[in-house]
Every structure is written in structure tokens, then in C-alpha cells.
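Undergrad: show me the folded form of this:
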Amino acid sequence: MDRRLKYERLAEEIAHLIRSGTYQPGAPVPSVRTLAGQKGLSVSTVLQAYYLLEAQGLIQVRARSGFYVSLAPRMATPEPDISTPALDPAKVSVRELVTMLLQDALNPDLIPLGAAYPDPDLSEAGKLNRLMAAIARDMGNRSGRYDMPPGCEPLRVQIARRAAAGGMDLAPGDLITTCGCTEAVNICLRAVCQPGDTVALESPICMDTLQALETLGLRALEIPTHPRDGISLEALTFALDNNPVRACLVISNFNNPLGSLMPEAHKKELVEILARRGVPLIENDIFGDLGFGEQRPPAAKAFDRRGLVMLCSSFSKSLFPGFRVGWTAPGRFLSRVEWLKYTTTTATATLPQLALAEFMAGGGFQQHLRRARKAYAQRLGSIRQAVIRHFPKGIRVTRPAGGFLLWVQLPPGTDSLELYKRALASGIAITPGHLFSASDRYRDFIRLNAAQWSEEWDWAMRRLGRLTVELGGG
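TA: Next up, the predicted model:
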């Protein structure tokens with residue numbers, strides 16, 4: 001059974017026609033609407049296929065003209081292999097590097113290809129701020145009251161409705177709002193773990209997760225993870241059978257930094273593997289709304305029958321990070337998580353929650369997502385093509401199906417931390433691979449953020465490519 005998405009199958013068909021000479025270099029490929037009609041597919045599906053081909057360097061877009069075969073089509077650049085993290089649990093220590101990266105993110109003089117921030121120009125800030133101001137006027141002094149856990153009911157209603165569309169049977173009472181996804185993950189870890197416990201997690205994984213483990217005194221057991229399909233279930237099963245794992249943590253939809261998307265069958269099996277052992281699954285779904293396919297991929301929570309999946313998410317990557325509004329559906333651990341929320345930050349800010357609830361109820365969030373998904377798909381394709389064009393031979397690059405992050409494996413022997421330092425001197429912010437492992441792996445990787453990518457920054461890729469060569473990479 002072919003488990004590829006429709007747009008992936010279509011992209012492979014067009015790629016075959018290009019490589020076989022049916023479509024010659026410089027020639028146009030069928031228009032999006034023409035191909036959609038011929039294949040009986042949606043315009044969105046054809047667009048995603050073309051974005052993927054653009055990312056592979058096989059076609060290019062010409063403003064107000066359409067898509068054309070590249071004058072010198074490249075063979076597809078390979079993805080990185082499945083990761084090979086350390087076999088034993090490790091203490092986590094990433095604080096110094098993370099602090100340095102966050103300082104860079106605040107520097108307006110740097111090209112922002114480092115920290116995983118969304119594009120502020122896509123944030124709907126104007127609409128949300130107007131909604132918040134109107135709500136504050138209507139509520140008067142009541143707008144300053146604490147919104148005690150479980151949090152804003154109108155917002156929890158809207159989140160539950162969206163969850164139902166993703167195959168999850170959640171009621172507003174199953175949800176707790178939080179100060180972003182980071183708080184949700186932290187309090188879920190605290191609800192099921194004690195200092196010294198071992199947590200199995202994908203490798204590589206975002207630095208926020210590693211920071212949480214470090215702060216809570218937990219040990220990280222990194223599990224091999226594929227850049228397309230996510231965590232290795234075979235490796236996880238072996239780890240569970242040979243280590244006292246207290247919890248498992250994954251980003252099943254568009255892992256940060258890989259962009260991997262677990263197939264639905266794998267998500268179901270993951271839930272079952274952990275449920276048989278009574279191990280809670282903390283699922284970070286913060287990028288789940290930013291998939292490039294026709295339908296939002298379900299979370300692993302959709303297959304939870306025993307209340308062991310603790311789903312965490314927020315609006316920080318998909319909409320407006322400054323509001324710091326997230327949420328969790330912690331299953332059977334609801335009362336414990338609600339108490340931890342109260343004793344940690346008391347409440348989530350009232351006005352942002354109400355503004356988000358009204359924005360969602362009016363259809364604004366769905367409209368925003370359609371615009372953001374299209375923009376991020378285009379920018380990921382463009383920055384990936386720029387990497388392939390300007391970096392030396394021997395690189396490997398992921399092909400994300402959602403989100404806005406790219407994971408690049410540099411040629412053997414290249415130190416990404418040294419590349420990071422030299423890039424800063426050139427006015428470019430990137431993220432070195434060291435930050436995505438507790439065991440000092442991925443020294444030859446970098447993560448790039450395509451959220452604000454502009455073709456005007458193509459020089460930055462050229463500069464990074466030259467710096468990579470100077471460091472001995474090709």
C-alpha cells in the first residue's frame with residue numbers, strides 16, 4: 001500500500017517526466033488549474049506538489065508566469081539518514097547555548113534564520129489587538145480578573161471543536177489553558193515524573209524540550225528518528241524493554257527540527273506500545289496546524305483509549321506567539337495538571353484568551369491558516385532550493401511536509417558551532433545542531449527557519465555556503 005500523500009505521488013510523476021525529457025529545461029509545466037483538472041485533484045494538492053518539486057530544484061516559479069523546468073535540473077538532494085543517538089540515558093545541559101541563541105533572536109541587525117519564530121507579518125496582530133481592545137471596553141474592570149484553571153471556557157469550546165475535526169473526542173472540560181506550549185509540556189512532565197526519572201524522546205528534538213528536562217532534573221533517553229516518518233517504533237520498544245522509562249515525549253506532526261510527520265498507522269501503534277506498558281505519552285502538537293496537505297494530520301491523541309496521552313499545543317507557531325496562550329488535554333492526569341497549573345502561574349492571561357476565542361468563532365483562524373500554510377510551503381521550498389544551490393556537495397536536506405523549519409546535514413567534518421559563530425560575524429543567525437541533543441550529537445547539522453525567508457536574502461545562503469567550504473566542508 002502506497003502511504004505517500006497525494007501531492008507526493010503527483011510530484012514523483014512530474015519528476016519522472018522531467019528526468020525522462022518529456023518536459024525540457026526551461027519549458028513550462030502544466031498550469032496548476034490545468035493539472036488539477038486533468039488529475040481530478042484540488043488546486044491545493046497540485047500547488048504542494050509543485051512546491052516540493054521546487055524544493056528539489058527541478059522546477060522554478062516565474063513571477064506572474066507560472067512554473068518552469070529549471071534550466072539545469074538537479075538530482076534530488078538526499079535527506080539525512082535516521083538518527084543514531086546515544087544508547088544510554090543522559091543528563092541534559094543546553095542552557096548556555098540556548099541563552100546565546102535567544103539573545104541573537106532579539107538582534108534586529110541579523111538575518112533571522114535561527115530561532116523558530118513565525119513570521120510576525122502573518123500574525124494577524126492588528127485584528128487580534130482590535131478584538132482584545134473591544135473586549136476590554138465591554139468588560140470594564142472584569143477584564144482584569146484572574147481566569148483560574150482550567151481557563152477561558154469560550155476558548156476551550158473552540159479548541160474542542162477544532163479537535164473534533166481532527167478525530168479527537170475532547171470536551172471543553174478535558175482541556176486546561178496554559179502560558180504557551182512550553183508550560184503545558186513542563187507541567188505534564190511534572191505530573192508524571194520525579195527528578196532522576198528517564199524520559200524517552202525523539203532525537204533530534206527541540207531545545208525547549210531539552211531545557212524542560214534539564215530544569216526538572218530528568219534524564220533523556222534519545223530514540224532514533226527518521227526525517228520523514230518520525231520516531232523509530234522498533235527502537236522505542238527496545239528502549240522501553242531495557243530501561244525504566246517513566247514517560248515518552250514526541251512531536252508527531254512536523255518535529256522540530258526534522259519536520260517529520262508520523263503516518264497515522266505509526267501514531268496508533270505508538271499509543272498502543274506505550275499503553276501496554278502504562279507509560280504516559282506527552283505529545284507536543286504545536287506545528288500540527290501548519291501542514292501543507294489538504295487535511296490536518298491527526299494527533300496521536302486521536303488513538304488514545306486509556307487517557308495516557310497528554311496532548312500539548314499553543315497558538316505560538318501558528319498565529320501569535322506574543323499572546324503566550326497554549327493548552328493541554330492531559331487525559332487521566334487532568335486534576336494533577338490543573339493543580340500544577342494553578343501552583344505554577346495561577347492563571348493564563350484573560351484578554352488574549354477571549355480574543356482568540358472570538359477570532360476562532362468568527363472563522364478568522366481557519367482563514368489565517370490557509371494563508372500561512374501557503375506562505376510557509378513556498379518559503380520552505382525556496383530556502384531549500386537556495387541551500388542546494390549554494391552549499392557544497394555532500395549536504396543532506398530534509399523535505400518537510402509542514403511547519404517552517406529545515407534541517408541540514410553539512411559535509412563530513414564541518415563543525416556547525418564554528419559555522420554559527422562565523423555566520424553571526426556576517427550578520428546571519430542560524431541554529432547549530434548541538435542544541436537538539438542531550439548527548440552532544442548533530443555537530444554537523446544546522447537548523448534554518450524559513451518563516452521570514454525572502455529571495456532578497458539569497459546572498460545569506462551564498463555566504464553560508466562559502467563559510468562551509470572554508471571550514472573544510474567540500
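Undergrad: so Gln385 versus Gly293, what's the distance?
TA: Counting by CB to CB, to the nearest Å, the gap from Gln385 to Gly293 is 21 Å. All C-beta atoms are positioned from the backbone trio N, CA, C, and that covers glycine.
Undergrad: the two: who's more crowded?
TA: Each of Gln385 and Gly293 has its neighbours counted (other CB atoms under 10 Å); Gln385 has more, 24 against 18.
Undergrad: how about the closest residue to the more buried one other than its chain neighbours, secondary structure?
TA: Counting by CB to CB, 6 or more residues apart in numbering, Gly57 is the residue found nearest to Gln385 once chain neighbours are left out, at 5.4 Å. Following DSSP: H, G, I helix; E, B strand; the rest coil, the label given to Gly57 is coil.
Undergrad: what's the burial count for Gly57?
TA: For Gly57, using other CB under 10 Å, the count is 21.
Undergrad: my guess is it contacts Val387. True?
TA: No: Gly57 is beyond contact range of Val387, at 9.9 Å (criterion: CB atoms under 8 Å).
Undergrad: what touches both of those two?
TA: Residues touching both Gly57 and Val387 (CB atoms under 8 Å, 6 or more residues apart in numbering): none.
Undergrad: okay, the residue nearest to Gln385 and Gly26: tell me how far apart.
TA: For Gly57, the distance to Gly26 - CB to CB - is 14 Å.
Undergrad: any idea which element Gln158 lies in?
TA: helix 153-165 (DSSP states H and E).
Undergrad: in that helix, what counts as buried?
TA: By neighbour count with 16 or more other CB atoms under 10 Å, helix 153-165 contains the buried residues Leu155, Arg156, Gln158, Ile159, Ala160, Arg162, Ala163.
Undergrad: what pairs with Pro224 across the strands?
TA: Beta bridges link Pro224 to Ser203, judged by DSSP bridges.
Undergrad: report pLDDT for it.
TA: pLDDT for Pro224: 94.
Undergrad: need the contact list for it.
TA: Counted by CB under 8 Å, 6+ apart, Pro224 has contacts Ile82, Ser83, Thr84, Pro85, Ser203, Ile231, Ser232, Ala235.
Undergrad: whichever of the residues you listed end up buried, select them in ChimeraX.
TA: Entered in ChimeraX, the line below selects the buried ones among the contacts of Pro224, by 16+ other CB under 10 Å:
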select :83,85,203,231,232,235
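Undergrad: now do the longest helix out of those in the chain: which elements does it pack against?
TA: Ranked by residue count under DSSP state H, the longest helix found in the chain is helix 364-390. Counting contacts by 3 or more CB pairs under 8 Å, 6 or more residues apart in numbering; DSSP states H and E, helix 364-390 is packed against helix 43-55, strand 396-397, strand 405-409, helix 458-470.
Undergrad: and the last one, what does it pack against?
TA: Meaning helix 458-470. So helix 458-470, by 3+ CB pairs under 8 Å, 6+ apart, packs with helix 364-390, helix 416-425, strand 428-429.
Undergrad: tell me the most buried of these?
TA: Per-stretch averages of neighbours, counted by mean count of other CB atoms under 10 Å, single out strand 428-429 among the helices and strands packed on helix 458-470, with a mean of 22.
Undergrad: and it, which strands flank it?
TA: Here, using DSSP bridges, strand 428-429 pairs with strand 111-112 (parallel).
Undergrad: picking that back up, adding mean pLDDT, write the helices and strands packed on helix 458-470 out as CSV.
TA: Output for the helices and strands packed on helix 458-470, formatted as CSV (pLDDT from 0 to 100):
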stretch, mean pLDDT
helix 364-390, 90
helix 416-425, 93
strand 428-429, 94
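Undergrad: for Asp458, which of the ones you listed is the nearest?
TA: Asp458 lies closest to helix 364-390 among these, at 5.6 Å (CB to CB).
Undergrad: in the protein, where is pLDDT below threshold?
TA: Scanning the chain with the threshold set as pLDDT under 70 gives 1-4, 20, 55, 63-64, 71-76, 90, 92-96, 473-474.
Undergrad: show me how it divides into domains.
TA: Using automatic domain parsing, the domain parsing of the chain gives 1-76, 126-364.
Undergrad: could you dump those domains to CSV with distance to Gly472?
TA: As requested, these are arranged in CSV below (distance: least, CB to CB, whole Å):
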stretch, distance to Gly472
domain 1-76, 23
domain 126-364, 23
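Undergrad: just say which of those is most tucked in.
TA: With a mean of 20, the top stretch among the domains of the chain by mean neighbour count (mean count of other CB under 10 Å) is domain 126-364.
Undergrad: run the chain-centre distance for that one.
TA: 13 Å (CA atoms, centre = their mean, to the nearest Å).
Undergrad: need the distance between the two termini of stretch 252-272.
TA: 15 Å (CA to CA, to the nearest Å).
Undergrad: ok, stretch 394-414 next?
TA: End to end - CA to CA - stretch 394-414 spans 11 Å.
Undergrad: so which bits of it are buried?
TA: 395-411, 414.
Undergrad: show me where the stretch 51-200 of the chain has strands.
TA: Ranges of strands within the stretch 51-200 of the chain are 59-62, 66-69, 111-112, 176-178, 198-203, based on DSSP state E, counting those that start in this stretch.
Undergrad: and for the second one, what's in contact with it?
TA: Residues from elsewhere that reach strand 66-69 (CB under 8 Å, 6+ apart): 18, 23-29, 31-32, 50, 53-54, 58-62.
Undergrad: how about 7 Å then?
TA: 18, 23-29, 31, 50, 58-62 (CB atoms under 7 Å, 6 or more residues apart in numbering).
Undergrad: tell me the one of those residues nearest Pro280?
TA: Tyr50 (41.0 Å).
Undergrad: give the bridge partners for the spatially closest residue to the closest one that is not a sequence neighbour, please.
TA: The shortest distance from Tyr50 to any non-neighbouring residue, by CB to CB, 6+ apart, is to Phe67 (5.3 Å). Taking DSSP bridges as the rule, Phe67 bridges to Val61.
Undergrad: gap between Phe67 and Leu47?
TA: 10 Å.
Undergrad: do the same with Arg396
TA: 26 Å.
Undergrad: hang on, the earlier thing: report the two of the contacts of strand 66-69 separated the most.
TA: Applying CB to CB across the contacts of strand 66-69, the maximum distance is between Pro25 and Ser31, 18.6 Å.
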